[in-house]
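Visitor: Just to be clear, the model below is a prediction. Sequence and coordinates:
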Amino acid sequence: MAMEIRACQLLALCSFFILLPASCLSCPEYQKQALLKFKSSYLEITSSFNSSDYVDQMQSWNSSSDCCEWIRVECNDSPNSTSRFVNILLLESLFSELSPRPRVESSMLAPLFHIRTLEYLDVSGNNIQGEIPGVGIANLSNLVKLDMSGNNLSGSIPHQLFHLPLLQSLSLHDNSLSGEFRPDEEEEEIGNLTKSLQDLYLSGNKFSDAMLLSLLGLKGLEYLDLSHNYLSMEIPTDIGNLLPNISTLALSNNQLTGGIPPSIKKLSKLKQLYLQNNLLTGEIPSWLFDLKGLGDLYVGGNRLIWNDSVEIAPNPRSFRLSLKSCGLVGEVPKWISTQTGLDFLDLSKNKLQGAFPQWFLDMKLIGLILSDNEFTGSLPPALFSRLPDLAVLALSRNNFSGELPNNFSVPNFSGELPNNFGVPCFLKIVTLSDNNFSGPVPQPLIHCASLQLLDLSRNQFSGPFPVFYPGVQLQLAYIDFSSNNFLGEVPAAFPEETRFLALGGNKFSGGLPFNLTKLSKLQRLELQDNNLTGELPNFLSQISTMQVLNLRNNNFQGPIPKSIFNLSNLRILDVSNNNLTGEIPEEFHNLTGMIEPPNSPSSILDTISLDGEVFRWSNQEVQVSLEFNDLIVNWKNSKQGISTNKLNIYTFLDISNNQLFGQIPVSLGDLKALKLLNISRNKLSGTIPMSLGDLENIETLDLSHNNLSGSIPPTLIKLQQLTILDVSNNELTGRIPDGGQMGTMVLDPNYFANNSELCGIQIRVPCPEDDRLPLPPPTPSIKKQEPWFLWESVWIGYPVGLLLAIGIMVLIGYFTLPPPSSCRHRPHRPNRGR
């Protein structure tokens, strides 16, 4: 029995020593404290937001637990040590759920620089401001990968980053960085500073030519991305000698000039070459197609031209090609049909003609972009069945006609969708706008399970509107069926992922369906130019994500519902050209989206993932450049298109051409982010409120065609961005304010026409007070004759004064007069030659 007890004790003791190291393998206390200090800064920033609006990204971070077990933290085991050290911090997009996104100072990162064991640090997408803290980052000598992309960092790249001996990947893209890399005066050239750096991502900044030149010494670089910057030089002629290991060279979307240098043919490891959207000139070198390892060749969007006489050898390998805007004329070049491995082709913005080439169906295309050409005829009936892997199809702005193909290689499709997962196909983007397609929209197309963007606008589609079956799990987020011939009531069912819904320019009638409230992610709703009737429904306030609401040119009646002002994200509201009645509600000041401009601009389309796995071949991302329809608004007295990509920086309110009455509410002056305010062509009365002078971002202010009275408030001179002020056809009186922007902008007299007694220099009408200037004593007649008296004094006083001066000079002896002579002088005659 004693031996059994002793054995148990020995076993327990052994187990203790075996388990002891495991229980002690936790992160060091100083690293835990550094992370907790970082969390403290995070909580300080998020404290001003409602906790229900976001998820605490660091909920597991607390002093009583091992930091190696925290989310976003990873540790590695150190040999011969009782601790585990933090080597990976994934702190990206910590504030992505907050709106508006807060400004984060780069000083917040300071505690992290004490964790010297870090190998990978990701702080991307956090809206970090200020310069890159180079001194702090210099402490992270074990760093292999650093990602600070998607912030708002400024200044230049600190030289300390290139001193990190193990750094292989540096991501600084999508910031506001500028300048060039400048080593310390005592340092050697950049090529000798870091030999480990392989991948350098600098796109989407403000770098100029000097940055490109300063990086050419990094001979170990394999990936260099300087696209979307301010490069304007010629591509260095010796670039092929200076970057011998480069596999991806991305210089697109700059202003590079000159031709493609021949030294590029020396880049034997080159796999991807992105030069699109620059100002390059000359012929496209045919030797580019001889680079055996080249898989992506994007040279479109320049001033390059293609030589039709060049013969290109057949190419069976996987290949992606962009010849956008390369002066191609006539039919699609036949040599392209010999590139049997071609899986992505962009021939947009040329002058290609003829029918859709049938030999496209014999290829293995995944992406095909033929937009902005002159193609005609109908699409092949077997288009979708013969290209089953097609993910991108862009045919906008051509002259295609006929009905869309209905063959999707879906066996026995009868309208019923198995397992509520949609039709199995790979289509992700389909843009067919601005053609002459007609007939119904095929049901299999809209139920393609992977489809995210469908643009069928500006065609002749008609018939029953395609039915989106409730409960079917679709990824479709961008739906544009505008400017077609659809009839009936507005459809009630759309995919839950819908963010952009454009049905304007059709013949829809009736009211708005309540089922729109199920679109919990909807950001942009366009139903303008239809025959919609009834009152604006209160349930619109339930779509809290709404940013753009366009109901222009319909037949809506009744008052503007106060519930609509619960849409705190609403930035563009256009209900003009309806029959709305009642007063303008005071609650407009609740529209916070029109009060504060967004801190970090982002497009509505950013929420649509266009770079998923179907756009990746050979582990490399293929760039897809698509153009989306503008938002048409009445701006500056004409219809103008606002680019979807820039829509986030504009804030509009247009309630013009209705039957609204009463006074202009003072609360409109709270909408400080407004670029346009149009309340013209109503029945508004009373005076213009002084608060409109607080619209600090306003560019167009239209109050015309109302019954407004009183004077134009002098506070409007504070509006530094105002370019159009239209107060015509009212009952305004008094002087038009002069000074500030009112005195510098070009004013059209028609903007002040048809008022009662307006006056001022802008319309060249003197005000009555201009003729009643202060009169000096003693009598008003002196004032009237003062100009004549002054000139009379000049003409009389000048000769009198002159004679007096001469007389005085004679009296004092200034002039000596000669005595009178008694002799006659014979006149002197000149000698004449004999």
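Guide: Received it, and whenever you're ready, just let me know what you need. Numbers count the residues shown, from 1 in each chain.
Visitor: Pull out the buried residues from the longest strand out of those in the chain.
Guide: If each strand of the chain is counted by residues according to DSSP state E, the longest one is strand 84-90. Within strand 84-90, the residues that count as buried by 16 or more other Cβ atoms under 10 Å are 84-89. Where C-beta positions appear, they are placed from N, C-alpha and C, glycine not excepted.
Visitor: For those, give me a markdown table that also has distance to Gly734 and pLDDT.
Guide: Formatted as a markdown table, the buried residues of strand 84-90 follow (distance: Cβ to Cβ, whole Å; pLDDT from 0 to 100):
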| residue | distance to Gly734 | pLDDT |
| --- | --- | --- |
| Arg84 | 78 | 88 |
| Phe85 | 75 | 92 |
| Val86 | 70 | 94 |
| Asn87 | 73 | 94 |
| Ile88 | 69 | 95 |
| Leu89 | 64 | 95 |
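Visitor: Grab the nearest non-local neighbour of Leu153.
Guide: Asn175 (4.2 Å; Cβ to Cβ, 6 or more residues apart in numbering).
Visitor: do you know how far the one you found is from Ala382?
Guide: 47 Å (Cβ to Cβ, to the nearest Å).
Visitor: higher neighbour count, the two?
Guide: Asn175 (22 against 13; other Cβ atoms under 10 Å).
Visitor: Asp434 belongs to a strand?
Guide: No: counting by DSSP: H, G, I helix; E, B strand; the rest coil, Asp434 is located in no strand; its state is coil.
Visitor: Show me where this structure has its helices.
Guide: 2-24, 29-46, 134-137, 209-215, 239-242, 383-386, 443-446, 741-744, 780-811 (DSSP state H).
Visitor: The closest residue to Met108 other than its chain neighbours: neighbouring residues, count only.
Guide: Among residues not flanking Met108 along the chain, Ser41 sits closest, at 4.6 Å (Cβ to Cβ, 6+ apart). Applying other Cβ under 10 Å, we find 16 residues neighbouring Ser41.
Visitor: Thr376 now?
Guide: 15.
Visitor: Distance of it relative to Ser401?
Guide: 7 Å.
Visitor: same thing with Ala492?
Guide: 31 Å.
Visitor: Stretch 486-495: how far from the chain's middle?
Guide: 31 Å (Cα atoms, centre = their mean, to the nearest Å).
Visitor: nope, stretch 203-212 is what I meant
Guide: 19 Å.
Visitor: same thing with stretch 334-345?
Guide: 34 Å.
Visitor: One more: stretch 513-527?
Guide: 23 Å.
Visitor: ok, now stretch 434-446?
Guide: Distance, centroid of stretch 434-446 to centroid of chain: 30 Å (Cα atoms, centre = their mean).
Visitor: for this structure, which spans come out with low pLDDT?
Guide: Within the chain, the segments meeting pLDDT under 70 span 1-24, 51-55, 78-82, 181-194, 409-424, 471, 597-649, 744-746, 771-834.
Visitor: Tell me where the stretch 601-750 of the chain has strands.
Guide: Assigned by DSSP state E, counting those that start in this stretch, the stretch 601-750 of the chain shows strands spanning 616-617, 620-621, 631-635, 638-642, 652-654, 659-662, 676-678, 683-686, 700-702, 707-710, 724-726, 731-735.
Visitor: Now do Ile595 against Lys675, distance only.
Guide: In this view, Ile595 and Lys675 are 13 Å apart by Cβ to Cβ.
Visitor: hang on, I meant Ile45
Guide: Separation of Ile45 from Lys675 (Cβ to Cβ): 29 Å.
Visitor: neighbour-wise, which of those two wins?
Guide: More crowded of Ile45 and Lys675, by other Cβ under 10 Å: Lys675, with 22 against 17.
Visitor: Quick check: the more buried one touching Leu695?
Guide: No: with contacts counted by Cβ atoms under 8 Å, Lys675 stays clear of Leu695, the gap being 9.3 Å.
Visitor: Just grab the bridge partners of Phe652 for me.
Guide: Here Phe652 sits in beta bridges with Ile572, Leu676, going by DSSP bridges.
Visitor: Pull up the gap between it and Asp694, please.
Guide: From Phe652 to Asp694 the distance is 17 Å (Cβ to Cβ).
Visitor: Which one of these two is surrounded by more residues?
Guide: A count of neighbours by other Cβ under 10 Å puts Phe652 above the other of Phe652 and Asp694, at 23 against 17.
Visitor: mind checking how far that one is from Asp290?
Guide: 53 Å.
Visitor: With Leu342 instead?
Guide: Where Asp290 is concerned, Leu342 sits at a distance of 16 Å (Cβ to Cβ).
Visitor: Compare the two (neighbour count), which wins?
Guide: Leu342 (23 against 12).
Visitor: contacting residues around Glu762?
Guide: Heads up, residue 762 is Gln, not Glu. 736, 738, 742, 747, 749, 752 (Cβ atoms under 8 Å, 6 or more residues apart in numbering).
Visitor: Just give me how far stretch 345-354 sits from the chain centre.
Guide: That offset, for stretch 345-354, works out to 27 Å (Cα atoms, centre = their mean).
Visitor: That stretch: end-to-end distance?
Guide: 17 Å (Cα to Cα, to the nearest Å).
Visitor: Buried residues in that stretch, which are they?
Guide: When neighbours are counted by 16+ other Cβ under 10 Å, the buried residues of stretch 345-354 are found to be 345-350, 352.
Visitor: Pick the one among those residues closest to Ser106.
Guide: Asp346 (38.8 Å; Cβ to Cβ).
Visitor: residues in contact with that closest one?
Guide: Per Cβ under 8 Å, 6+ apart, neighbours of Asp346: 298, 300, 321-324, 367, 369, 625.
Visitor: out of these, which is most surrounded?
Guide: That'd be Ser322 among the contacts of Asp346, by other Cβ under 10 Å, with 28 neighbours.
Visitor: Contact partners for that residue?
Guide: By Cβ under 8 Å, 6+ apart, Ser322 lies in contact with 276, 297-301, 345-346.
Visitor: who does it bridge with?
Guide: What pairs with Ser322, by the bridge criterion (DSSP bridges), is Tyr298, Asp346.
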